[in-house]
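Peer 1: One predicted model, sequence on top.
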Amino acid sequence: RKKGTFKMKKNLLKKLLSVLLITSFTASMAGCQNPSTDDQSIITLSPSTESVEVYRISHDTKESIRFSSADFAINLLKETSNVSSDNILISPISIQATLAMSANGANGDTLSAMTNVLCGDNTIDELNAYMASYLPNNDMITSVNGIWVSDVINPDSVNQDFIAVNSGIYNAEFRIAKFDDTVVNDINNFVNTNTNGMIPDIVEDLDPLACVVLVNAITFEGKWADEYKDYDVIEGKEFNNIDGSISKITGLISIEDEYCSNENCTGFIKYYENRSYAFMALLPNEDISLEDFINTLDGEAFLALYDDAESASVSTMIPEFSLEYNVRLNSALADMGMGIAFSKSADFSNMISGESDIMIGKVYHKTYITVDRTGTSAAAATEEELDYKSADSSGDPYFVFLDRPFVYAIIDTNTGLPVFLGTVTNL
């Protein structure tokens, strides 16, 4: 489809980050050791092979995973918005990437359940191949991964395929460390560094049963093509909050060239300087609540709003806003069909050879975003723990003013998938 020219009026910097932490431990001590000393340093664990072969997938499989990924993102938004009317910001790709890394250590029914949620009817090899091409790493967006293994685990018992796939496809660096305050600081320093200080920490302490930590951090920096002029920044505009109150806000006014809509919403698309990423805003019709609107969406409907957007003049207003958000995702992921991974029936024996007593203990997501006339900074962090089982343009212009609760996303324009996805309900 024809993409509109840039009409946004102010350079706006986008910075986003997401981190996922997974911790795990084995119930029996078979295959484990405890060689640590008080002064033991954090060491790197490398795969036995230099590279891993990437499974080749067809165009049809890529499309299937694209739609499944969109479903995953929208289902996460539904689950989080259904339990809270607060402002929401999640990074579906961060959560998906880290769960995919952990799924490479799953087996049997646990693996089937995780892949079904993450990529539908496709296999873990097909998901890995898709993620190898989809995971962003360019001058606007970077994704980094780290995996910490407790020194109570014999390094030789860490499955070499698990190391090879996560190192080769997800570029994860493995570290062996004593799980004490030092490793907590190391994990938090990793998050702080890779979020440019927006999220200084993700974990206060580790569960005593934890023995593996997986972390994903994704950051995005992009500028709009054109700058806002002073007369495009309007003070004293009103935003109608979800609780019925009215807030005075600063509105950023511009004319955009991409209009998206369906029977339940209107919206617009705003591109970043090289058009690899875009901001998409969706404003529910006045006769439908934000929650009801979100519940009408699925992956296909969301992708259609982007894929079928028309080239048309759109008068828009974005409010300046800043928010922080955090959520524990255990229940959401279980409700989406991944419950077995959080139970005593979980099987992560492909992570630690000879061990079956590993389960996910916690998945935690933490985000931050600021949108103002000079730029936008955002970050997200996700933590997951595995524990002992015992534990048209010729017509009239459109108007889309974001003066009431709305949905927004940072879109990868190659796939139409949301790198970040959220709601603004109260300002």
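Peer 2: Arrived safely, thanks for sending.

Peer 1: going forward, measure contacts and count neighbours with C-alpha atoms only.
Peer 2: Fine.

Peer 1: What mean pLDDT does stretch 357-367 get?
Peer 2: The average pLDDT for stretch 357-367 rounds to 80.

Peer 1: Please state the offset of it from the chain centre?
Peer 2: Stretch 357-367 has its C-alpha centroid displaced from the chain centroid by 14 Å (C-alpha atoms, centre = their mean, to the nearest Å).

Peer 1: Equivalent analysis for stretch 215-234, please.
Peer 2: Using C-alpha atoms, centre = their mean, the offset of stretch 215-234 from its chain centre is 19 Å.

Peer 1: start to end distance for it?
Peer 2: 40 Å (C-alpha to C-alpha, to the nearest Å).

Peer 1: what about the longest strand in this structure?
Peer 2: Identified as the longest strand of the chain according to DSSP state E is strand 246-262.

Peer 1: name the helices or strands packed onto that strand?
Peer 2: Packing partners of strand 246-262 (3 or more C-alpha pairs under 8 Å, 6 or more residues apart in numbering; DSSP states H and E): strand 233-240, strand 265-271, helix 299-307, strand 310-319.

Peer 1: Dump these to TSV, plus distance to Cys119.
Peer 2: What follows is these, written out as TSV (distance: least, C-alpha to C-alpha, whole Å):
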stretch	distance to Cys119
strand 233-240	37
strand 265-271	26
helix 299-307	12
strand 310-319	29
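
Peer 1: can you tell me which of the ones you listed comes nearest to Thr219?
Peer 2: Proximity to Thr219, assessed across the helices and strands packed on strand 246-262 by C-alpha to C-alpha, is greatest for strand 265-271 (17.4 Å).

Peer 1: average pLDDT across that closest one?
Peer 2: Per-residue scores along strand 265-271 average to 94.

Peer 1: and among the helices and strands packed on strand 246-262, the most buried is which?
Peer 2: Mean neighbour count, computed with mean count of other C-alpha atoms under 10 Å, is highest for strand 265-271 among the helices and strands packed on strand 246-262, reaching a mean of 25.

Peer 1: got the angle for that one vs helix 299-307?
Peer 2: Relative orientation of strand 265-271 and helix 299-307, computed by axes from the mean of the first three to the mean of the last three C-alpha atoms, to 10 degrees: 60 degrees.

Peer 1: Following the chain onward from strand 265-271, which element is next?
Peer 2: strand 277-284 (DSSP states H and E).

Peer 1: where does the stretch 101-250 of the chain have low pLDDT?
Peer 2: 226 (pLDDT under 70).

Peer 1: for stretch 140-159, which positions count as buried?
Peer 2: 140-155, 158-159 (16 or more other C-alpha atoms under 10 Å).

Peer 1: right, and Asn75 touches Asp298 too?
Peer 2: Yes. Here Asn75 reaches Asp298: they are 7.3 Å apart, a contact under C-alpha atoms under 8 Å.

Peer 1: Looking at those two, which is more packed in?
Peer 2: Taking neighbours as other C-alpha atoms under 10 Å, Asn75 and Asp298 compare with Asn75 leading, 23 against 19.

Peer 1: Pull the contacting residues for that one.
Peer 2: Asp298, Met336 (C-alpha atoms under 8 Å, 6 or more residues apart in numbering).

Peer 1: again, but for Ala346
Peer 2: Per C-alpha under 8 Å, 6+ apart, neighbours of Ala346: Thr110, Ile340, Ser356, Asp357, Ile358, Met359.

Peer 1: Secondary structure class of it, three-state.
Peer 2: Three-state call for Ala346 (DSSP: H, G, I helix; E, B strand; the rest coil): coil.

Peer 1: Distance-wise, check it relative to Leu333.
Peer 2: Noted for Ala346: a distance of 14 Å to Leu333, by C-alpha to C-alpha.

Peer 1: State the number of residues packed around Ser91.
Peer 2: 29.

Peer 1: what's the pLDDT at the residue lying closest to it once chain neighbours are set aside?
Peer 2: Spatial nearest neighbour of Ser91, chain neighbours left out: Phe420 (4.3 Å); criterion: C-alpha to C-alpha, 6 or more residues apart in numbering. We have a pLDDT of 91 for Phe420.

Peer 1: residue contacts, Phe420?
Peer 2: Leu16, Leu89, Ile90, Ser91, Pro92, Ile93, Ala409, Ile410, Ile411.

Peer 1: If we use 6 Å, what do you get?
Peer 2: Counting by C-alpha atoms under 6 Å, 6 or more residues apart in numbering, Phe420 touches Ile90, Ser91, Ala409, Ile410.

Peer 1: So what sits opposite it in the bridge?
Peer 2: Ile410 (DSSP bridges).

Peer 1: So that it lines up with my notes, have the first residue be 128 from now on.
Peer 2: Sure, I'll start numbering at 128, so the last one becomes Phe547.

Peer 1: do you know how far it is from Ala299?
Peer 2: With C-alpha to C-alpha as the criterion, Phe547 and Ala299 are 21 Å apart.

Peer 1: could you pull out the strands for the stretch 428-554 of the chain?
Peer 2: Secondary structure of the stretch 428-554 of the chain (DSSP state E, counting those that start in this stretch): strands at 437-446, 448-455, 486-498, 503-514, 525-528, 533-539, 544-551.

Peer 1: Any idea which residue is closest to the centre of this structure?
Peer 2: Taking C-alpha atoms, centre = their mean, the centroid of the chain lies closest to Ser218, which sits 2.2 Å from it.

Peer 1: so how many other residues sit close to His186?
Peer 2: Counted with other C-alpha under 10 Å, the neighbours of His186 add up to 8.

Peer 1: meant to ask about Asp236
Peer 2: Neighbours of Asp236 using other C-alpha under 10 Å come to 14.

Peer 1: Before we go further, it is sitting in a helix, right?
Peer 2: Yes. Counting by three-state DSSP, Asp236 is part of a helix.

Peer 1: residues touching it, list them.
Peer 2: By C-alpha under 6 Å, 6+ apart, Asp236 has no neighbours at all.

Peer 1: Buried residues, the longest strand of the chain. List them.
Peer 2: 373, 376-389.

Peer 1: Go through the residues you listed and name the one nearest Pro446.
Peer 2: Of these, the one sitting nearest to Pro446 (C-alpha to C-alpha) turns out to be Gly378, at 4.6 Å.

Peer 1: In space, what's closest to the closest one - neighbours in sequence excluded?
Peer 2: Distance criterion C-alpha to C-alpha, 6+ apart; nearest residue to Gly378, sequence neighbours excluded, is Pro446 at 4.6 Å.
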